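[1] All I have is the shape, not the residue letters:
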Ligand SMILES: NC(=O)C1=CN([C@@H]2O[C@H](COP(=O)(O)OP(=O)(O)OC[C@H]3O[C@@H](n4cnc5c(N)ncnc54)[C@H](O)[C@@H]3O)[C@@H](O)[C@H]2O)C=CC1
Ligand SMILES: O=C(O)[C@H](O)CS(=O)(=O)O
């Protein structure tokens, strides 16, 4: 891996300001999904190391809280500046371990850094309240104070942004943090920690532990010193982690699975809808929780949309994300490839038709051709399960009522999209979609200024925006009496 600053490639974990190996020297290999190369080995840590990381975060709490909001803000700002200065190297590390095209990886670095930038500012605007008391000799005050030691387990699909989207509001609020990144993509997390150290974030405020998800997860969810646990990943694992947090009544934030509807009405700008579908569906080879999972197109424009979408898909370039012009990289592992195959086989077996793609790609075992299916129905697996791959199933619908019912017929409620130029329809559909996020006439809704999150079984809480810091604060009610004595 050619880096301008090779010191960003860390192969040890970061605990209490020290770079350390696993106690028993065990390691896990980080593999490039594009070619199977071993990029590096990182520590395979477990219970003891995770407990030391929690202890470090706990010891660092008071000193971190004793800094002024402006001091914390300045440190977050410096961290943001360093991430942007090293955007190229961080992107290279990210593409090498996760697979997404370099342009997307660099975009993720800027996206991840934007949370540090945003919460550097929010750190200075954590306001409390004074409330008129019901008695003349009393005063009511409301303080907002940091919740304490926080912990998170993060996924492989956005190995930079899913960390900063949690750690930035936490540190801004005066909390300290322990991160356990996905074992497929630990190098991005360790590089973030390296830049935290360079930025002057004090020892123990940020800690990164790689290794056993179950052992480390058990400590982070059950240790009473951890007051807040945040997770991004599958709903299935999220349920388990919420249950593990119950024993110590931890506050939890969950960014879980999705099943996004992408609806195109007869009055839509079809070219814009195709452009939005391409962004929403094929970003990160379809491996995002907000990807269009079901494309619903109204009957009068169905054939035109399918034809134009097939033409756009034909322009995608599959390959190693480090190669110039590549727009679709490999999937993360063989189970991801098998899920795409399973959904295609099921749909075709129930009457769907492959318009383009449909098979694995010659670039390697983890590459799959961007695939378009038509004549898809609600009876197929793609209607109910998150594919998390480069598969675009297009359903036909007749009425607004019908498509709203189909779109909402899922346990998920994360992102949703629709294209229309009718103002009455825009208001009605926005209000009737049971989702945490509704994007209108665009296929990309993620940014640091907006509250990202889901309803139903897609999660708990919000990340980003002014709302995202609330999950790292506790409200304290202070009553002052006897004022006239
Ligand atoms: N909402 C989102 O942003 C994401 C959703 N997903 C969903 O998850 C599915 C599978 O992707 P995965 O990465 O395998 O998700 P996953 O939920 O299995 O893994 C996510 C993270 O949780 C960790 N983990 C898994 N089981 C654990 C356990 N018992 N205790 C503690 N940590 C555990 C993993 O090591 C990883 O760091 C995808 O098909 C997609 O549906 C995956 C990534 C992100
Ligand atoms: O986990 C994910 O898929 C991300 O939250 C999607 S996004 O925020 O990068 O759009």
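    Received the coordinates, thanks. It should be emphasised that the depicted structure is a prediction, and the values quoted were computed from it without experimental measurement. Numbers count the residues shown, from 1 in each chain. Ligands and ions are numbered 1, 2, ... in the order given.

[2] I'd like to know how far the residue in the stretch 351-485 of the chain that ligand 1 sits nearest to sits from residue 479.
    The stretch 351-485 of the chain approaches ligand 1 most closely through residue 388 (3.6 Å), counting by CB to the nearest ligand atom. Using the backbone N, CA and C atoms, a C-beta is placed for each residue, glycine as well. Distance, residue 388 to residue 479, using CB to CB, to the nearest Å: 50 Å.

[3] These two: who's more crowded?
    Using other CB atoms under 10 Å, the more surrounded residue of residue 388 and residue 479 is residue 388, with 25 against 11.

[4] For the stretch 101-250 of the chain, just list every one of the helices.
    Remark: helices assigned in the stretch 101-250 of the chain by DSSP state H, counting those that start in this stretch are 102-122, 161-173, 186-199, 213-222, 235-246.

[5] got the angle between the first one and helix 161-173?
    For helix 102-122 against helix 161-173, the angle between stretch directions is 10 degrees (axes from the mean of the first three to the mean of the last three CA atoms, to 10 degrees).

[6] anything in helix 102-122 near ligand 2?
    No - Helix 102-122 lies apart from ligand 2 when judged by CB under 6 Å from any ligand atom; the minimum separation is 6.5 Å.

[7] any residue of that helix up close to ligand 1?
    No - Helix 102-122 stays clear of ligand 1 (CB under 6 Å from any ligand atom), getting no nearer than 12.6 Å.

[8] now the residue of the stretch 351-485 of the chain closest to ligand 1: how far from residue 237?
    For residue 388 relative to residue 237 (CB to CB), the value is 14 Å.

[9] likewise residue 348?
    In terms of CB to CB, residue 348 sits 30 Å off from residue 237.

[10] repeat for residue 77
    34 Å.

[11] Also residue 143?
    From residue 143 to residue 237 the distance is 35 Å (CB to CB).

[12] More neighbours: the two, which one.
    Taking other CB under 10 Å, residue 143 and residue 237 do not tie; residue 237 has more neighbours (18 against 13).

[13] most centrally placed residue in the protein?
    residue 162 (4.4 Å; CA atoms, centre = their mean).

[14] Surely it is in contact with residue 155?
    Yes - between residue 162 and residue 155 a contact is recorded at 5.9 Å, counting by CB atoms under 8 Å.

[15] list residues touching both of the two?
    residue 232 (CB atoms under 8 Å, 6 or more residues apart in numbering).

[16] one step back: am I right that the residue of the stretch 351-485 of the chain closest to ligand 1 is in a strand?
    No - secondary structure of residue 388 (DSSP: H, G, I helix; E, B strand; the rest coil): coil, not part of a strand.

[17] shouldn't it be in contact with residue 337?
    No - Residue 388 lies out of contact with residue 337 (CB under 8 Å); the separation is 10.6 Å.

[18] gap between the residue of the stretch 351-485 of the chain closest to ligand 1 and residue 136?
    61 Å.

[19] can you check residue 16 too?
    51 Å.

[20] likewise residue 462?
    39 Å.

[21] More neighbours: which of these two?
    Shown here are residue 462 and residue 136; by other CB under 10 Å, residue 462 has more neighbours (21 against 8).

[22] shouldn't the more buried one be in contact with residue 455?
    No - assessed by CB under 8 Å, residue 462 is found out of contact with residue 455, at 10.6 Å.

[23] which residues touch residue 380?
    343, 346-347, 350, 352, 393.

[24] which residue sits closest to the closest residue to ligand 1 within the stretch 251-400 of the chain, ignoring its sequence neighbours?
    Residue nearest to ligand 1 within the stretch 251-400 of the chain (CB to the nearest ligand atom): residue 289, separated by 3.1 Å. Setting aside the residues directly before and after it, residue 289 is nearest to residue 258 in space (CB to CB, 6 or more residues apart in numbering), at 4.4 Å.

[25] hmm, back to that, now the buried members of the contacts of residue 380.
    343, 347, 352, 393 (16 or more other CB atoms under 10 Å).

[26] Helix, strand, or coil at the last one?
    In the three-state summary, residue 393 is assigned as strand, counting by three-state DSSP.

[27] and it, bridged to which residues?
    Note on residue 393: beta-bridge partners residue 373, judged by DSSP bridges.

[28] Please report how far it lies from residue 375.
    Residue 393 is 10 Å from residue 375, by CB to CB.

[29] what touches both of the two?
    residue 352.

[30] Domain-wise, how is this structure divided?
    Following the TED database, one finds the domains of the chain at 6-256+458-477, 261-440.
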